[in-house]
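[1] the sequence and its predicted three-dimensional model are supplied below.
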Amino acid sequence: MALPHKLFIHSFRKRRLGWFFAALVLMMVYLATFVTAAEVTLSAVTLSWDSGVQSRLTVEIPAIEDESATPQTERAQQALAILHAMPSVAHVSMVSEQETLGLIKPWINQPDLLKALPVPILIDIERKAGATLTAEDVRQALKSALHDVRVDDHANWLSDLGSFVNGLTLLGLFLILLTALTLMICITLLCRSVMATERATIDLLHFLGADDRDIAAHFQRLTISLSWLPALTGFGGAVVSAMGLLYYIRNFADTALLSTSHWAYIGATVLAVPLTAVVIASYAARLSVLSTLRSAP
Amino acid sequence: MLLQFEKVSLWYDDNRTVLSDIDMALPEGGFYFLTGPSGAGKSSLLRLIYGAERPSAGRLSLFGQDVVNAGRKELMNLRREIGIVYQDFRLIPHLTALENAALPLRLAGADNEYVLRHARELLEWVGLGNRLEALPTELSGGEQQRVAIARAVVNKPKLLLADEPTGNVDDETAVKLFHLFDEMHKMGTAVILATHQQHLTEKFKKPGLRLKGGRLTSPMTKVA
């Protein structure tokens, strides 16, 4: 049977230890939730980009200044006809000039200069599901009619992006681990401080027949009762902050790319953070009490 | 055998000897006064019995079990058979009289209804039926000591140890408390009551263990 809840609660409240405890849990959960949310969202967005882009190839018809050559639009139409006839191709569409210029605009925002640039025509190809159409296959198919086209399967870009996201993921994991470790260390120190204050009561409990596990379990319950509310508050704060951040970056990262299952995965992972923090805090309390009590009479 | 000391000595790192060559064997169910002047080693002897300290030399067994080499688990089980009353009561200040008295039963894992009913009955037995919800600070010294006695006997211990239980109360209250210990003894609990108030012990015809300078001086208690 549990010891009375108010047994050591006064020592936690004394000298604002309770406030310190609540603030500590709140901040740690805020940080961990925020980092976790950022990390899983980034992973999900990358995954959706990856799956979106991996099934696509881009054909680039360069502009040629030689007036005797076949005009660029005519060459693009030739390419479109060849591509339409390929059995592994699900969909082919020409990227509009406006859209292509929009891709360059962030770097060259001068209308006169943009007009003068030899901008290539881009053709977007979507492979049929399960088809093994490579950039080289497309290049070979177009070679007879158009020798100067370039075909891009985005492999380099995806590889760089993958490395970047993996790096960020590792950094995020490190931050989460660091937060959990800091929480454990702080809870341990806090429990030891309360145990030092309550030394006489703990000795008395031993002399009344208490097992170390009884006392450790009491600290564990006390930690849970003191941490669940700050953990939820920290979680709520982090969710609000993350939503604010998503709103702010909506122009850079298209969250519409995320499917319902992505959002469910993000939600479940983020929801696990406050729960994990409370479990970590309670077990840190239990372990620190048990290790301290080993030297008790 | 309730308790057996064989050549038990206790000294500290600063070479201060507290108890020397204690030899005694006490049969179960007795009532013993442990007397002697302040500093004679009465409290230390009791602390050895309930395992708060380990002897520096000698062998000590309680209920036939070795206390000196007992592990934490064995010591915990032994302590659940002992009730302890301290001079300074050692009630937990944030808990009511009822919660304080109920602590040993809670630690023993008894169910809530039994814990509350039995603790309430014991507080009524010691005359505190109307002070169940009082905090220790709201009780007089005598009342606090009665709560401590209720706590010590709530789990029906085989042995009741009392360390100067009347040191902080007047003589009239002290006699009443002694009667409570006597009642517990009549119900089958062995009692070892340490006191330096010899004038009070004379009113009760009980065998005495006398300590002086850390040595047992009463020959009636020596092991045969």
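    Yes, it's here.

[2] ok, which stretches of the stretch 1-150 of chain A are strands?
    Here the stretch 1-150 of chain A has its strands, by DSSP state E, counting those that start in this stretch, at A:56-61, A:89-94, A:121-127, A:150-152.

[3] who does the helix or strand hosting B:Val191 pair up with?
    Taking DSSP states H and E as the definition, B:Val191 sits inside strand B:190-195. In the sheet, strand B:190-195 lines up against strand B:31-35 (parallel), strand B:159-163 (parallel) (DSSP bridges).

[4] so for A:Val239, which of the strands of the stretch 1-150 of chain A sits nearest?
    For those, the distance to A:Val239 is smallest for strand A:56-61, at 33.9 Å, taking C-beta to C-beta. (Glycine included, C-beta is placed from N, CA and C.)

[5] which helices and strands does the closest one pack with?
    Strand A:56-61 sits against helix A:72-85, strand A:121-127, helix A:135-143, strand A:150-152, with contacts defined as 3 or more C-beta pairs under 8 Å, 6 or more residues apart in numbering or on different chains; DSSP states H and E.

[6] kindly report the residues of chain A close to chain B.
    Contact residues (C-beta under 8 Å from any C-beta of the partner chain) of chain A with chain B: A:1-4, A:6-7, A:9-10, A:200-201, A:203-212, A:214, A:297.

[7] picking up where we left off before, please identify the most buried of the helices and strands packed on strand A:56-61.
    Highest mean neighbour count among the helices and strands packed on strand A:56-61 (mean count of other C-beta atoms under 10 Å in any protein chain shown): strand A:121-127, with a mean of 20.

[8] and the contacts of the strand holding B:Val191?
    For strand B:190-195, the external contacting residues (C-beta atoms under 8 Å, 6 or more residues apart in numbering or on different chains) are B:2-3, B:26, B:28-35, B:42-43, B:45-46, B:49, B:158-167, B:178, B:181, B:184-185, B:201, B:209.

[9] filter these to the buried ones?
    Among the contacts of strand B:190-195, those buried by neighbour count (16 or more other C-beta atoms under 10 Å in any protein chain shown) are B:2-3, B:26, B:31-35, B:42-43, B:45-46, B:49, B:158-167, B:178, B:181, B:184-185, B:201, B:209.

[10] tell me where chain B has helices.
    Using DSSP state H, the helices of chain B run over B:42-49, B:72-79, B:97-107, B:112-125, B:141-153, B:171-186, B:198-201.

[11] by contact count, what packs against the longest helix that chain A contains?
    If you go by DSSP H, chain A has its longest helix at helix A:155-197. Using 3+ C-beta pairs under 8 Å, 6+ apart as the contact criterion, the secondary-structure elements in contact with helix A:155-197 are helix A:9-13, helix A:17-54, helix A:212-248, helix A:260-293.

[12] now do the last one and helix B:72-79, the angle between them.
    Between helix A:260-293 and helix B:72-79, the angle formed by their directions is 70 degrees, by axes from the mean of the first three to the mean of the last three C-alpha atoms, to 10 degrees.

[13] can you check the second one too?
    Inter-element angle recorded for helix A:17-54 and helix B:72-79: 140 degrees (by the same axes, to 10 degrees).

[14] in helix A:17-54, what's buried?
    Result for helix A:17-54 [16+ other C-beta under 10 Å]: buried residues A:17-18, A:21-22, A:24-49, A:53.

[15] do the same with the shortest one
    Of the residues in helix A:9-13, those scored as buried under the neighbour-count criterion (16+ other C-beta under 10 Å) are A:9-12.

[16] how about the CA coordinates for that helix, as CSV?
    Taking only C-alpha atoms (Å, rounded to 0.1, in the frame of the first residue of the first chain), the coordinates of helix A:9-13 have been written out as CSV:
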residue,chain,number,x,y,z
ILE,A,9,5.7,16.8,-0.6
HIS,A,10,6.5,19.6,1.9
SER,A,11,10.2,19.2,1.2
PHE,A,12,9.6,19.5,-2.5
ARG,A,13,7.6,22.7,-1.9
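
[17] residues in contact with that helix?
    Residues outside helix A:9-13 that contact it (C-beta under 8 Å, 6+ apart) are A:17-18, A:21, A:190, A:194, A:197-198, A:222, A:226, B:94.

[18] for the closest residue to chain B within the stretch 101-250 of chain A, grab the count of nearby residues.
    Minimum separation of the stretch 101-250 of chain A from chain B (C-beta to the nearest C-beta) falls at A:Gly209, amounting to 3.8 Å. As a burial measure, A:Gly209 scores 24 neighbours (other C-beta atoms under 10 Å in any protein chain shown).

[19] distance of the nearest residue in space to it that is not next to it in sequence from A:Asp211?
    Using C-beta to C-beta, 6 or more residues apart in numbering or on different chains and skipping residues adjacent in sequence, the residue nearest A:Gly209 is B:Arg80, 3.8 Å away. B:Arg80 sits 10 Å away from A:Asp211 when distances are taken as C-beta to C-beta, to the nearest Å.

[20] so what's in contact with the two at the same time?
    Common neighbours of B:Arg80 and A:Asp211 (C-beta under 8 Å, 6+ apart) are B:Leu107.

[21] list the contacts of the residue nearest the centre of chain A.
    Of all residues in chain A, the one closest to the mean position by C-alpha atoms, centre = their mean is A:Glu39, 1.8 Å from it. Under the criterion of C-beta under 8 Å, 6+ apart, the contact list for A:Glu39 reads A:168-169, A:172-173, A:176.

[22] tally of neighbours for the closest residue to A:Asp212 other than its chain neighbours?
    Spatial nearest neighbour of A:Asp212, excluding adjacent residues (C-beta to C-beta, 6+ apart): A:Leu293 at 4.4 Å. A:Leu293 sits with 18 neighbouring residues when counted by other C-beta under 10 Å.

[23] list the contacts for A:Leu293?
    Residues in contact with A:Leu293 (C-beta under 8 Å, 6+ apart) are A:202, A:212, A:215-216.

[24] who wins for neighbours among those?
    Using other C-beta under 10 Å as the contact criterion, the top neighbour count among the contacts of A:Leu293 goes to A:Ile215, which has 26 neighbours.
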